[in-house]
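Engineer: predicted model follows, preceded by the sequence.
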Amino acid sequence: MPKIAIIGAGINGLTLAIALRQLGFLPDEIEIFEKAEHARAEGTGIIFWAEVVSVLKQIGVDLTQAGVCLPKSKTFFLTESDSPISFDMEKKKGEEAYGFLREKIYTVLLDKIKECGLTIKTGFECIDIVQKSDCCDIFFKNQNQPIRADVVIGCDGIYSNVRNLISPTVQPEALNIRAYRGTFHAKLTDRDMLALPKEAFHLYCGPNYRILIYPNFDDTKNNQTSYYWFAAHRVDPSECKTRPSVEVTDTEIETLIKNMPLCPSNIQNLIKQTPHDQIIASSTLRQLPFSSCHQDRIALLGDAIHAMAPTAGLGVLLGIINALHLAANLKQHEHNLPFALQEYGSAVAEHSKACLAYTDKLTTLFYVEHPLSTAKVTQGLYAELYQLTAEAASKSQILFEEIMTSRNAAATCLQSVFRGYLTRKNIEQESKLEEAPSLTMASKNKVSI
């Protein structure tokens with residue numbers, strides 16, 4: 001019986017676990033470890049492209065039915081010219097793009113984890129992994145004995161302990177961009193006043209800054225709507241090194257607004273009115289890709305291998321697509337799991353590097369003195385990026401579907417054999433029953449005598 005250890009219970013780790021269960025791995029064959037004392041979602045908002053919605057639905061997670069999101073069919077791109085450029089969001093198998101609150105997505109995934117019969121072991125921080133010829137011994141902080149697994153999947157984020165163990169020279173680097181993420185709750189009746197249609201992402205670009213804002217959740221019961229906003233601007237590189245994380249204060253928000261002089265007044269007011277405990281501020285990080293995302297019996301997933309600047313909502317998209325591919329590889333080669341990881345690494349390396357390169361280009365184009373001059377180029381890059389990720393998602397989904405079909409065919413075959421066995425048994429029993437009356441009569445006669 002194979003044993004797969006997943007280090008990190010974030011969105012990517014949970015997606016992988018659910019996909020493995022859908023492919024037939026048993027609960028005892030999957031272990032999820034999380035270093036935090038409680039499994040929880042960190043961050044504020046998140047964009048799911050249509051590909052992500054389609055992939056999650058394929059593994060039985062239908063976010064569109066959970067009432068946790070609003071579909072987005074367009075992106076309005078505004079620059080200093082104040083003339084918006086509108087482009088349609090690509091659809092995937094009829095699915096649309098969505099804006100979410102992370103905590104809403106996480107709750108849906110946790111419910112699915114329970115439905116799959118899986119549990120998350122919290123308070124388990126991975127500090128070492130010893131690879132052997134046929135297994136791995138995983139050592140956790142404050143645990144006396146290691147836990148053994150056939151393979152280990154590191155889904156533990158940009159500061160991945162698992163990555164540090166197999167590739168310590170690859171570390172995230174700070175960009176000279178300060179980012180702020182906030183969640184603002186307003187009354188549904190105030191939506192028209194805010195002038196932010198719910199069916200669109202709203203992107204504002206000015207000299208060396210960028211703002212993304214969208215409504216992502218309607219609570220009709222309490223007459224509330226939730227907005228997610230992301231604001232970022234260039235800073236001196238030394239600030240990113242000395243202040244990797246930032247305390248949110250009135251002064252800090254005033255500095256943010258000052259650095260975005262052309263920001264529309266309705267957006268400025270929304271940012272100012274957002275409670276400080278609903279804002280996360282930090283330096284933006286990216287990570288250089290490396291030649292391989294696996295080593296023998298260890299593989300990486302998500303930000304552990306391709307952390308990128310939050311420019312296109314691409315990080316989580318790539319992580320979920322790769323999770324589907326990894327699950328399919330593990331099932332396809334479940335009797336040779338190291339080879340499965342090798343196949344996974346070869347499959348995802350090319351598109352992961354390409355997506356990271358596109359994100360770097362978009363980041364450069366967004367944070368310039370005159371974003372209007374690059375607007376058409378930006379729109380073209382987004383179109384190319386959609387095509388690239390659509391192709392990557394299709395490959396993963398086709399492979400996953402093939403493995404599912406093969407598994408279902410095998411199950412059908414076993415059921416057919418079992419039904420044949422039962423049929424033969426029934427025929428034998430009926431034959432015996434035909435002889436039974438004479439035996440029973442003889443027995444009765446014997447008793448009466």
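Structural biologist: That came through, no problem.
Engineer: rest of the way, CA atoms for contacts and neighbours
Structural biologist: Noted.
Engineer: confirm that Leu262 sits in a helix.
Structural biologist: No: under DSSP: H, G, I helix; E, B strand; the rest coil, Leu262 falls outside any helix and is assigned coil.
Engineer: counting neighbours, what do you get for it?
Structural biologist: Leu262 sits with 18 neighbouring residues when counted by other Cα atoms under 10 Å.
Engineer: just Ala307 next, same as before
Structural biologist: Neighbours of Ala307 (other Cα under 10 Å): 23.
Engineer: and it, what does it touch?
Structural biologist: 157-158, 172, 285-287, 315 (Cα atoms under 8 Å, 6 or more residues apart in numbering).
Engineer: got the CA coordinates for stretch 136-147 in PDB?
Structural biologist: Provided in PDB are the C-alpha atoms of stretch 136-147 (Å, rounded to 0.1, in the frame of the first residue of the first chain):
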ATOM      1  CA  CYS A 136      11.400   8.600   3.000                       C
ATOM      2  CA  ASP A 137      11.700   9.300   6.800                       C
ATOM      3  CA  ILE A 138      10.100  12.700   7.600                       C
ATOM      4  CA  PHE A 139      11.200  14.400  10.700                       C
ATOM      5  CA  PHE A 140       8.900  17.000  12.400                       C
ATOM      6  CA  LYS A 141       9.700  19.500  15.000                       C
ATOM      7  CA  ASN A 142       8.700  18.400  18.600                       C
ATOM      8  CA  GLN A 143       8.100  14.800  17.300                       C
ATOM      9  CA  ASN A 144      10.300  12.100  18.700                       C
ATOM     10  CA  GLN A 145      10.000   9.600  15.800                       C
ATOM     11  CA  PRO A 146      10.000  10.200  12.000                       C
ATOM     12  CA  ILE A 147       7.000   9.400   9.900                       C
END
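Engineer: mind listing residues that contact that stretch?
Structural biologist: Applying Cα under 8 Å, 6+ apart, the external contacts of stretch 136-147 come out as 124-131, 148-152, 297.
Engineer: try 10 Å
Structural biologist: 3, 5, 7, 33, 35, 123-131, 148-152, 296-298 (Cα atoms under 10 Å, 6 or more residues apart in numbering).
Engineer: check the offset of that stretch from the chain's centre.
Structural biologist: 27 Å (Cα atoms, centre = their mean, to the nearest Å).
Engineer: in that stretch, what's buried?
Structural biologist: 136-140, 146 (16 or more other Cα atoms under 10 Å).
Engineer: pLDDT weak spots in the stretch 151-300 of the chain?
Structural biologist: Counting by pLDDT under 70, the stretch 151-300 of the chain contains low-confidence ranges at 189, 191-195, 197, 239-244, 288-291.
Engineer: surely Gly182 forms part of a strand?
Structural biologist: Yes: assigned with three-state DSSP, Gly182 falls within a strand.
Engineer: isn't it up against His276?
Structural biologist: Yes: contact status for Gly182 versus His276: in contact at 8.5 Å, counting by Cα atoms under 10 Å.
Engineer: more neighbours, these two?
Structural biologist: The neighbour count for Gly182 versus His276, taken as other Cα under 10 Å, is higher for Gly182 (23 against 17).
Engineer: count the residues that sit near the nearest residue to Tyr344 once chain neighbours are set aside.
Structural biologist: If the residues on either side of it in the chain are set aside, Tyr344 comes closest to Leu326, at 5.6 Å by Cα to Cα, 6 or more residues apart in numbering. The tally of other residues near Leu326 (other Cα under 10 Å) stands at 28.
Engineer: dihedrals phi and psi, Leu326?
Structural biologist: Here is the backbone geometry of Leu326 (degrees, to the nearest 10): phi -60, psi -40.
Engineer: ok, it - contacts?
Structural biologist: 16, 19-20, 153, 299-301, 320, 332, 340-341, 343-345, 347-348, 396, 400.
Engineer: thought Leu324 was touching Thr15?
Structural biologist: Yes: counting by Cα under 10 Å, Thr15 is a contact partner of Leu324 at 7.8 Å.
Engineer: list residues touching both of the two?
Structural biologist: Common neighbours of Leu324 and Thr15 (Cα under 10 Å, 6+ apart) are 55-56, 59.
Engineer: select from the residues you listed the one having the most neighbours.
Structural biologist: That'd be Val55 among the shared contacts of Leu324 and Thr15, by other Cα under 10 Å, with 25 neighbours.
Engineer: circling back: just checking, which of the contacts of Leu326 belong to helices?
Structural biologist: The helices, defined by DSSP state H, take in 16, 19-20, 320, 332, 340-341, 343-345, 347-348, 396, 400 from the contacts of Leu326.
Engineer: now those residues: which count as buried?
Structural biologist: Buried subset of the ones in helices among the contacts of Leu326 (neighbour count, 16+ other Cα under 10 Å): 16, 19-20, 320, 332, 340-341, 343-345, 347-348, 396, 400.
Engineer: any chance of those in JSON lines, plus pLDDT and distance to Pro261?
Structural biologist: Converted to JSON lines, these look like this (pLDDT from 0 to 100; distance: Cα to Cα, whole Å):
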{"residue": "Leu16", "pLDDT": "97", "distance to Pro261": "43"}
{"residue": "Ala19", "pLDDT": "96", "distance to Pro261": "46"}
{"residue": "Leu20", "pLDDT": "97", "distance to Pro261": "49"}
{"residue": "Ile320", "pLDDT": "93", "distance to Pro261": "37"}
{"residue": "Gln332", "pLDDT": "93", "distance to Pro261": "55"}
{"residue": "Ala340", "pLDDT": "95", "distance to Pro261": "52"}
{"residue": "Leu341", "pLDDT": "95", "distance to Pro261": "49"}
{"residue": "Glu343", "pLDDT": "93", "distance to Pro261": "50"}
{"residue": "Tyr344", "pLDDT": "94", "distance to Pro261": "46"}
{"residue": "Gly345", "pLDDT": "90", "distance to Pro261": "45"}
{"residue": "Ala347", "pLDDT": "87", "distance to Pro261": "45"}
{"residue": "Val348", "pLDDT": "85", "distance to Pro261": "41"}
{"residue": "Ser396", "pLDDT": "91", "distance to Pro261": "44"}
{"residue": "Phe400", "pLDDT": "91", "distance to Pro261": "48"}
